[in-house]
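Participant: quick check, what structure comes out for this input:
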Amino acid sequence: MAQMVHYAIAAQDSFEKRPLARVDSLVFSWLAYLRLSCVEGAGEVNGVPLAELGQASVRTKLIASLHDTTNSSMLVQAVAASPRFGRVGACLHTADSSEEEGRQFSATTFLLPGGGAYVAFRGTDDTVLGWKENIRLACAASVPSEDRAVSYLEEVAFLVDGPLWVGGHSKGGLLAAYACAHASGAVRTRVQKCFSHDGPGASPELRASATWHDDVPFEKTVPRESLVGMIFERSQDGFVVVRSSEIGPLQHSPFSWEVRGDDFVCEQGLSYDAWRLSQRLNDWLEEMGPQQRSSFAELLCWLMDVTGETSFSGLLERWSSNSQAMREALGRAPEADRELFARAMDDLVATLLLGSRQELRPESDEPEAKASYAARRLEDAAARVNDRLSQLDRLTGR
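Facilitator: Have a look, this model is predicted:
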């Protein structure tokens, strides 16, 4: 089955002839992972054509430390040779990280032939700093990269004329959504669509704030076994669920997402197991509350720091010694921190295995609580039906 690389190879028509669509968005979202700082002109407003990135010596630098160097190299080679992508200009690239502020931020703008631009925010790389920011994204109200995403989008809108599309994969998808929700009204009216490719949702506290605007057209794509993309999401309504050639968490890789023609091969919905797991994880996060989530996030980040590792792959490769260092550090931590960690982990295991209180019964006898519980039961029933329909589609070869 064809995937993103095959799409980039096969796409012959220009953006003037066929407007930007969601598979194009995924291509640009992954290109935002490239180490474009090594390419002269990529940080300028005029940029550099993607056709100039195809040389082997350049590709090696661009894909350094990426999650999937083989497919990334093939994608760069494909877009460089593509009539559709080769004339696109990569510009205004920035990579801005700060250990002190807990920020790992990078974004690239892609100038489209015929006018307009796609603003792509990078997802998480292999650095421990990036993964600590992921933890804070899931547990805290906001992180510095979210505000940096807003300022970057405003800067691009000032420097580039025409319509804008905004998007990203994983953390990049959340940054895209946050930037579009907090940009000025003048910028929001220029955004044609915001894409999140398996990016987590915003926390309930962020969405409830007065500064969050929902007037930008938004589309979210998730694989059938999505976990990252379902964080803080309580419904599949409006999502595009994509078929993947991988299983479980490996479906987070966009190189596994199947493409037919100019679009993804879509499913009826998430697998029921993925849906139930995501809802239980969200129950656990919401039951902790914002203050406790923030404290738990900082505790996890501190435990990662005590290992001395700078890459997440290194943290996993030496997990035996690193986990021992974490346990010893936790044993020396203040009693309140030890109790927080033990309570949070016990609650997480119990919630994932046995279900949460929200899942088993209404939180109270109040009409609002009963209505919320009824809505949840309907969503759960719809998830079961969609799962069965997706299985039927695969059996019949659709």
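Participant: where along the stretch 51-200 of the chain do the strands fall?
Facilitator: Residue ranges of the strands in the stretch 51-200 of the chain, as given by DSSP state E, counting those that start in this stretch, are 89-98, 103-111, 117-121, 164-169, 191-197.
Participant: out of those strands, nearest to Arg293?
Facilitator: Taking CB to CB, strand 103-111 is the member of the strands of the stretch 51-200 of the chain nearest to Arg293, at 18.9 Å. Where C-beta positions appear, they are placed from N, C-alpha and C, glycine not excepted.
Participant: okay, the strands of the stretch 51-200 of the chain in a markdown table with distance to Phe341 next?
Facilitator: Output for those, formatted as a markdown table (distance: least, CB to CB, whole Å):
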| stretch | distance to Phe341 |
| --- | --- |
| strand 89-98 | 26 |
| strand 103-111 | 24 |
| strand 117-121 | 31 |
| strand 164-169 | 31 |
| strand 191-197 | 31 |
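Participant: with distance to Glu146 and mean pLDDT added, can I get these in CSV?
Facilitator: Shown next, in CSV, are the strands of the stretch 51-200 of the chain (distance: least, CB to CB, whole Å; pLDDT from 0 to 100):
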stretch, distance to Glu146, mean pLDDT
strand 89-98, 13, 92
strand 103-111, 9, 94
strand 117-121, 10, 98
strand 164-169, 12, 98
strand 191-197, 13, 98
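Participant: how is the protein divided into domains?
Facilitator: The chain resolves into domains spanning 4-270, 287-360, 366-398 when parsed by automatic domain parsing.
Participant: thinking again about what came up before, would you list the strands of the stretch 51-200 of the chain in TSV and tack on mean neighbour count?
Facilitator: Below are those laid out as TSV (neighbours: other CB atoms under 10 Å):
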stretch	mean neighbour count
strand 89-98	19
strand 103-111	25
strand 117-121	28
strand 164-169	30
strand 191-197	24
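Participant: Trp257 is nearest to which of these?
Facilitator: strand 191-197 (8.4 Å).
Participant: got the angle for the closest one vs strand 117-121?
Facilitator: 30 degrees (axes from the mean of the first three to the mean of the last three CA atoms, to 10 degrees).
Participant: please name every helix or strand in contact with strand 191-197.
Facilitator: Other elements packing on strand 191-197 under the criterion 3 or more CB pairs under 8 Å, 6 or more residues apart in numbering; DSSP states H and E are helix 22-31, strand 164-169, helix 171-182, strand 218-223.
Participant: ok, it: who's next to it in the sheet?
Facilitator: Here strand 191-197 is paired, per DSSP bridges, with strand 164-169 (parallel), strand 218-223 (parallel).
Participant: how about these in TSV, adding distance to Gln268?
Facilitator: Output for the strands paired with strand 191-197, formatted as TSV (distance: least, CB to CB, whole Å):
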stretch	distance to Gln268
strand 164-169	23
strand 218-223	13
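Participant: now stretch 212-225 - C-alpha only, PDB.
Facilitator: What follows is stretch 212-225, C-alpha atoms only, in PDB (Å, rounded to 0.1, in the frame of the first residue of the first chain):
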ATOM      1  CA  TRP A 212      -8.800  30.600  23.100                       C
ATOM      2  CA  HIS A 213     -10.600  31.200  19.700                       C
ATOM      3  CA  ASP A 214     -12.200  28.400  17.700                       C
ATOM      4  CA  ASP A 215     -12.900  30.300  14.500                       C
ATOM      5  CA  VAL A 216     -10.000  28.800  12.400                       C
ATOM      6  CA  PRO A 217     -11.100  25.800  10.300                       C
ATOM      7  CA  PHE A 218      -9.400  22.800  12.000                       C
ATOM      8  CA  GLU A 219      -8.800  19.200  10.900                       C
ATOM      9  CA  LYS A 220      -7.200  16.400  12.900                       C
ATOM     10  CA  THR A 221      -5.900  13.200  11.600                       C
ATOM     11  CA  VAL A 222      -5.100  10.200  13.800                       C
ATOM     12  CA  PRO A 223      -4.200   6.600  13.200                       C
ATOM     13  CA  ARG A 224      -6.600   3.800  14.200                       C
ATOM     14  CA  GLU A 225      -4.500   3.000  17.300                       C
END
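Participant: re earlier: of the strands paired with strand 191-197, which is nearest Glu317?
Facilitator: Here strand 164-169 is closest among the strands paired with strand 191-197 (CB to CB), at 24.1 Å.
Participant: state the pLDDT value of Ala140.
Facilitator: pLDDT recorded at Ala140 is 63.
Participant: start the count at 6 instead of 1 going forward.
Facilitator: I'll keep to 6 as the first residue from here, and by that count the last item is Ala145.
Participant: if we can go back for a sec, could you tell me the least trusted of the domains of the chain?
Facilitator: Mean pLDDT is lowest for domain 371-403 among those, at a mean of 80.
Participant: quick one: buried residues of it?
Facilitator: Ser377, Tyr378, Arg381, Ala387, Ala388, Asn391, Asp392, Ser395 (16 or more other CB atoms under 10 Å).
Participant: count of residues packed around Arg195?
Facilitator: For Arg195, the number of neighbouring residues by other CB atoms under 10 Å comes to 19.
Participant: show me the contacts for the closest residue to it other than its chain neighbours.
Facilitator: Distance criterion CB to CB, 6 or more residues apart in numbering; nearest residue to Arg195, sequence neighbours excluded, is Leu169 at 4.9 Å. By CB atoms under 8 Å, 6 or more residues apart in numbering, Leu169 lies in contact with Gly121, Ala122, Tyr123, Val124, Leu158, Val161, Ala162, Val192, Arg195, Val196, Gln197.
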